[in-house]
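In: Next comes the sequence, and after it the predicted model I'd like to discuss.
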Amino acid sequence: MNTQLTETGVPPARILVVDDEPSIVDAVATALRYEGFAVEEATNGRDAIASVASFEPDLVVLDWMLPDIDGIEVGRRIRDRGFKTAILFLTAKEAVENKVEALRAGGDDYVTKPFSLAEIVARVQAILRRTTGDLPGDVLRFRDLVLDEGRHEVSRAEVPLDLTATEFNLLRFFMLNPRRVLSKGQILQHVWRYDFGGNTNVVETYVSYLRRKLDATGPPLIRTVRQAGYMLEGELQ
């Protein structure tokens with residue numbers, strides 16, 4: 001494992017690049033190393049899962065189509081084993097339902113092939129800013145919901161909730177703005193931190209995931225405000 005330090009004296013973020021095309025792996029890995037990241041490579045799903053366990057990457061760049069286990073299943077297995085690493089899917093599939101499936105499998109974002117290396121780097125940096133950036137260490141509370149930024153833990157009614165990195169940051173944005181209507185555009189800007197080209201489906205998808213986990217232990221807390229956005233509110237019952 002690369003143990004070099006950055007100029008600020010902290011280890012570089014660790015990235016695992018997974019694709020069955022060696023030329024793509026080499027190009028993406030080289031571009032990320034040039035940006036100062038510590039990078040490992042894999043060309044199939046089994047090696048990817050093993051590398052996640054040994055390398056403990058901060059982010060996995062994961063191709064959808066792999067020769068043994070497809071990327072969607074690899075993403076699910078990574079999540080099922082409790083790893084919190086962020087996932088950036090590479091997909092040649094344009095259909096919205098395929099992109100939603102990538103997010104549902106635990107992905108934090110996706111890039112459609114063909115892509116530029118600059119786009120990959122920008123997406124990786126954006127994901128890492130929201131998943132590994134410095135947090136103030138405060139404990140946020142709303143009703144029976146508690147978000148501990150220092151421990152990166154969430155609970156409701158004292159029941160721990162297992163959230164992905166993106167779900168955590170989405171909930172954090174809601175809890176920093178309770179009882180305020182947040183538009184999809186505001187959520188994209190503050191949680192994803194870059195332009196999705198006007199496609200707000202990712203917001204709807206993640207709000208749905210977050211609701212499902214929050215509502216499992218209590219009354220609904222996130223309300224849809226028609227033609228405006230979403231609001232964190234709700235009374236205990």
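Out: Yes, it's here. Numbering: from 1, shown residues only.

In: Just checking, which helix or strand of this structure averages the lowest pLDDT?
Out: helix 96-104 (a mean of 66; mean pLDDT, DSSP states H and E).

In: mind checking pLDDT for the closest residue to A92 other than its chain neighbours?
Out: Closest residue in space to A92, ignoring its immediate chain neighbours: K113 at 4.4 Å, by C-beta to C-beta, 6 or more residues apart in numbering. In this view, the C-beta of every residue, glycine as well, is placed from N, C-alpha and C. As predicted, K113 sits at a pLDDT of 83.

In: Would you confirm that K113 contacts T91?
Out: Yes. In this structure, K113 is within contact of T91 by C-beta atoms under 8 Å, at 6.8 Å.

In: how is this protein carved up into domains?
Out: Following automatic domain parsing, the chain resolves into domains at 14-131, 139-232.

In: what's the straight distance from one end of the shortest one to the other?
Out: What that stands for is domain 139-232. 17 Å (C-alpha to C-alpha, to the nearest Å).

In: Please state the offset of that domain from the chain centre?
Out: Centroid separation for domain 139-232 versus its chain: 13 Å, with C-alpha atoms, centre = their mean, to the nearest Å.

In: What average pLDDT does it get?
Out: Here domain 139-232 scores 86 as its mean pLDDT.

In: Can you pull the phi and psi angles for L221?
Out: Torsion angles at L221 (phi, psi; degrees, to the nearest 10) stand at phi -120, psi -20.

In: That one contacts K213, doesn't it?
Out: No. Using C-beta under 8 Å, L221 is not in contact with K213; the gap is 10.7 Å.

In: Give the residue from those two that has the larger number of neighbours.
Out: Using other C-beta atoms under 10 Å as the criterion, L221 and K213 rank with L221 on top: 24 against 16.
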